[in-house]
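Asks: need a 3D model of the following:
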Amino acid sequence: MSLWRLPAAEQARGIRAGEWSAEEVMRSVLDRIAQADPDLRAYCTLDDSALDAARRADTARRVGEPLGPLHGVPFSVKDLIPTAGVRTTLGSVAHRDWVPAEDEIAVARLRAAGAVLVGKTNARELGYGVVTDNALFGSTRNPWDPRLTAAGSSGGAAAAVAAGMGSLALGSDGGGSLRVPAAVCGVFSIKPTFGVVPLYPSCRAPLRVGLDSWESLECIGPMSRTVADSALVLEVIAGFDAQDRHSAAPGSVTWGVPDAERARGLRVAYSPDLGIAEVAPEVAGVVRAAVTAAAAALDWDLTVVSPRLPALPELRETFLATVAMDTDRSALRRLADEVPVSADIRELVDRDWTAHEFDRARVARRAVHDAVHGFSAPFDLLLTPATAATAFPAGLRFPRDGECGIADGRQWSPFAFLANLTGQPAASIPAGRTAAGLPVGLQALAPRFGDPLLLDVAQAVEELRTPASCFA
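Replies: Next comes the predicted model:
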């Protein structure tokens with residue numbers, strides 16, 4: 001049996017039952033990485049102690065120690081998230097040798113639940129951009145077609161999970177960095193409600209230049225091939241921690257096993273384009289078919305909506321100004337003058353931002369929050385495409401104009417960052433594939449603290465689809 005093919009929940013069950021050992025699961029995943037990663041470049045650092053940690057997990061089981069829900073299960077961590085004793089480069093030449101002294105809270109909680117770190121997955125430099133390449137490790141490729149991008153900035157995580165190089169990955173999302181790569185790599189991911197998963201030290205402590213960016217936008221969340229696996233991770237990593245000054249109050253969310261039956265009879269808003277975006281016809285068709293099928297099977301009261309939002313350029317300006325406000329731009333500018341940086345960072349630090357622009361963005365962000373709340377209040381959730389186009393050639397920041405079915409390539413990801421501005425939970429659910437076999441994602445947004453509802457809906461959609469994998 002190829003143990004790397006199994007979902008995390010099944011790997012954990014077999015380890016607890018003694019059907020296989022944690023070491024056997026880890027060796028299977030490492031063998032899969034050795035086979036698949038040379039073409040994909042999903043991993044940038046492997047943890048040299050992974051096999052020893054797996055053996056310790058097996059010893060703990062043999063001597064009767066209490067076992068956590070993920071005991072012995074391998075997991076990976078995006079290279080923007082600190083891991084004690086394991087190199088964390090942030091995708092930056094300036095940080096290429098940094099080895100943190102402490103784990104991110106979510107990493108520590110996964111380890112406490114018995115999960116075993118495999119290694120770090122590639123990321124866009126400091127998270128600035130929706131592709132995954134950097135001067136240290138190159139470009140992460142899409143498992144469905146290695147000529148194409150895995151998107152980003154959690155592209156290494158998405159490619160690793162999609163290709164079977166670990167059933168669980170931890171990533172981060174400041175403007176779609178979990179959901180966008182999940183969509184184009186055909187896996188599931190959820191950005192939780194802002195504050196539900198505590199962050200520390202990432203985004204909260206100025207340990208390294210750029211690490212503390214994305215203060216009011218960033219969330220950490222899971223990627224997996226099944227909804228149930230992501231739900232299992234969220235139950236472990238969510239919950240109040242006083243180290244995070246934005247941590248949600250205890251009991252804000254009650255977790256449980258996703259249940260498709262709870263997704264029946266919902267009032268659902270569906271917007272093919274949010275009234276602001278151009279969507280590639282084939283992407284629009286795949287998403288529409290998935291929404292129509294789910295509505296019929298689950299008895300949804302489905303309403304097609306076109307909300308009144310600011311034009312896309314204005315929304316992007318609000319988002320970019322928010323990113324700039326969250327960033328120590330002086331320190332980042334000094335870093336950019338000392339080492340080569342990505343075009344995304346260069347554009348941010350070279351722009352002469354004004355107080356008026358920041359004031360306008362703060363007001364606009366409040367207006368966006370109110371507008372989204374207003375049009376979605378009568379509904380249980382809002383559905384949109386996850387991206388406007390499918391994966392495009394690796395090495396590019398965005399598709400060329402006129403390619404991938406949209407006129408303006410820069411606008412290929414117009415949907416995801418909205419949920420970061422509002423703090424809502426949002427998930428990218430595999431919706432189907434194009435005629436060329438490329439994955440398409442369906443985005444679902446719920447009210448704040450509606451994370452369990454998103455998991456129920458995603459479970460229901462998952463059960464309606466014929467499973468597909470790039471390694472079948």
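Asks: so where do the helices sit in the protein?
Replies: 8-17, 22-40, 50-62, 105-112, 155-162, 179-185, 227-237, 281-298, 312-326, 329-338, 343-350, 355-376, 417-422, 451-464 (DSSP state H).
Asks: now the ones you listed in a markdown table, with distance to residue 144?
Replies: All C-beta spots, glycine's among them, are computed from the backbone N, C-alpha and C. Listed next are these as a markdown table, based on distance: least, CB to CB, whole Å:
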| stretch | distance to residue 144 |
| --- | --- |
| helix 8-17 | 21 |
| helix 22-40 | 11 |
| helix 50-62 | 27 |
| helix 105-112 | 27 |
| helix 155-162 | 7 |
| helix 179-185 | 7 |
| helix 227-237 | 20 |
| helix 281-298 | 14 |
| helix 312-326 | 27 |
| helix 329-338 | 34 |
| helix 343-350 | 25 |
| helix 355-376 | 32 |
| helix 417-422 | 24 |
| helix 451-464 | 18 |
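Asks: out of those helices, the one nearest residue 411 is which?
Replies: helix 312-326 (6.3 Å; CB to CB).
Asks: buried sites along that closest one?
Replies: 312, 315-326 (16 or more other CB atoms under 10 Å).
Asks: check stretch 97-106 too.
Replies: Buried-residue list, stretch 97-106, by 16+ other CB under 10 Å: 100, 103-106.
Asks: next one: stretch 366-384
Replies: Buried residues in stretch 366-384, defined by neighbour count with 16+ other CB under 10 Å: 368, 372, 375-376, 379-384.
Asks: before we move on, back to that, export the buried residues of helix 312-326 as a markdown table, with columns for distance to residue 390 and pLDDT.
Replies: Shown next, in a markdown table, are the buried residues of helix 312-326 (distance: CB to CB, whole Å; pLDDT from 0 to 100):
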| residue | distance to residue 390 | pLDDT |
| --- | --- | --- |
| 312 | 19 | 97 |
| 315 | 22 | 97 |
| 316 | 21 | 97 |
| 317 | 26 | 98 |
| 318 | 27 | 98 |
| 319 | 23 | 98 |
| 320 | 25 | 98 |
| 321 | 29 | 98 |
| 322 | 28 | 98 |
| 323 | 26 | 97 |
| 324 | 30 | 97 |
| 325 | 32 | 97 |
| 326 | 30 | 96 |
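Asks: any regions of the stretch 351-472 of the chain where pLDDT drops low?
Replies: Applying pLDDT under 70 to the stretch 351-472 of the chain picks out residues 472.
Asks: repeat for the chain
Replies: Checking the chain against pLDDT under 70 turns up 472.
Asks: span of stretch 149-157 from start to end?
Replies: Stretch 149-157 has an end-to-end distance of 13 Å (CA to CA, to the nearest Å).
Asks: then stretch 44-56?
Replies: With CA to CA as the measure, stretch 44-56 spans 25 Å from end to end.
Asks: in it, what counts as buried?
Replies: Using 16+ other CB under 10 Å as the test for burial, stretch 44-56 gives 44-47, 50, 53-55.
Asks: ok, the residues you listed vs residue 157, which is closest?
Replies: Checking those one by one against residue 157 (CB to CB), the nearest turns out to be residue 44, at 11.2 Å.
Asks: quick check: that closest one touching residue 79?
Replies: Yes: using CB atoms under 8 Å, residue 44 is in contact with residue 79, at 5.5 Å.
Asks: now list whatever residues contact both of the two.
Replies: Common contact partners of residue 44 and residue 79 (CB atoms under 8 Å, 6 or more residues apart in numbering): 89, 120-122, 156.
Asks: ok, residue 408 to residue 80 distance?
Replies: 28 Å (CB to CB, to the nearest Å).
Asks: could you do residue 191 as well?
Replies: 15 Å.
Asks: neighbour count: these two, which is higher?
Replies: Neighbour tally, residue 191 and residue 80, criterion other CB atoms under 10 Å: the higher count belongs to residue 191, 35 against 32.
Asks: how close does the more buried one get to residue 310?
Replies: For residue 191, the distance to residue 310 - CB to CB - is 21 Å.
Asks: equivalent analysis for residue 125, please.
Replies: Taking CB to CB, one finds residue 125 at 29 Å from residue 310.
Asks: burial of residue 5, as a residue count?
Replies: Residues near residue 5, counting by other CB under 10 Å: 16.
Asks: for the one 3 residues further on, same thing?
Replies: For residue 8, the neighbour count with other CB under 10 Å is 27.
Asks: just the one 4 residues further on next, same as before
Replies: Using other CB under 10 Å, residue 12 is surrounded by 26 other residues.
Asks: circling back to that earlier point, most widely separated two among the buried residues of stretch 44-56?
Replies: Between any two of the buried residues of stretch 44-56, the greatest separation by CB to CB is 24.5 Å, found for 44 and 55.
Asks: was I right to think residue 167 contacts residue 12?
Replies: No: using CB under 8 Å, residue 167 makes no contact with residue 12, being 9.7 Å away.
Asks: can you check which residues contact both of those two?
Replies: Joint contacts of residue 167 and residue 12 (CB under 8 Å, 6+ apart) are residue 73.
Asks: who has more neighbours out of residue 125 and residue 310?
Replies: It is residue 125, of residue 125 and residue 310, that has more neighbours when counted by other CB under 10 Å, with 28 against 15.
Asks: contacting residues around the more buried one?
Replies: Contacts of residue 125 (CB under 8 Å, 6+ apart): 90-92, 134-135, 341-342, 344-345.
Asks: strands - which of the residues you listed land there?
Replies: Mapping the contacts of residue 125 onto strands (DSSP state E) picks out residue 134.
Asks: can I get the contacts of residue 125 in a markdown table with distance to residue 300?
Replies: Output for the contacts of residue 125, formatted as a markdown table (distance: CB to CB, whole Å):
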| residue | distance to residue 300 |
| --- | --- |
| 90 | 42 |
| 91 | 40 |
| 92 | 45 |
| 134 | 42 |
| 135 | 47 |
| 341 | 46 |
| 342 | 42 |
| 344 | 38 |
| 345 | 42 |
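Asks: which one of the contacts of residue 125 is nearest to residue 394?
Replies: Closest to residue 394, out of all of the contacts of residue 125 and judged by CB to CB, is residue 134, at 12.9 Å.
Asks: in this structure residue 441 contacts residue 183, no?
Replies: Yes: between residue 441 and residue 183 there is a contact under CB under 8 Å: 2.6 Å.
Asks: mutual contacts of these two, please.
Replies: Joint contacts of residue 441 and residue 183 (CB under 8 Å, 6+ apart) are 386-387, 428, 430.
Asks: of the residues you listed, buried ones?
Replies: For the shared contacts of residue 441 and residue 183, a burial check counting by 16+ other CB under 10 Å picks out 386-387, 428, 430.
Asks: mind putting those in CSV, distance to residue 289 included?
Replies: Shown next, in CSV, are these (distance: CB to CB, whole Å):
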residue, distance to residue 289
386, 15
387, 16
428, 17
430, 13
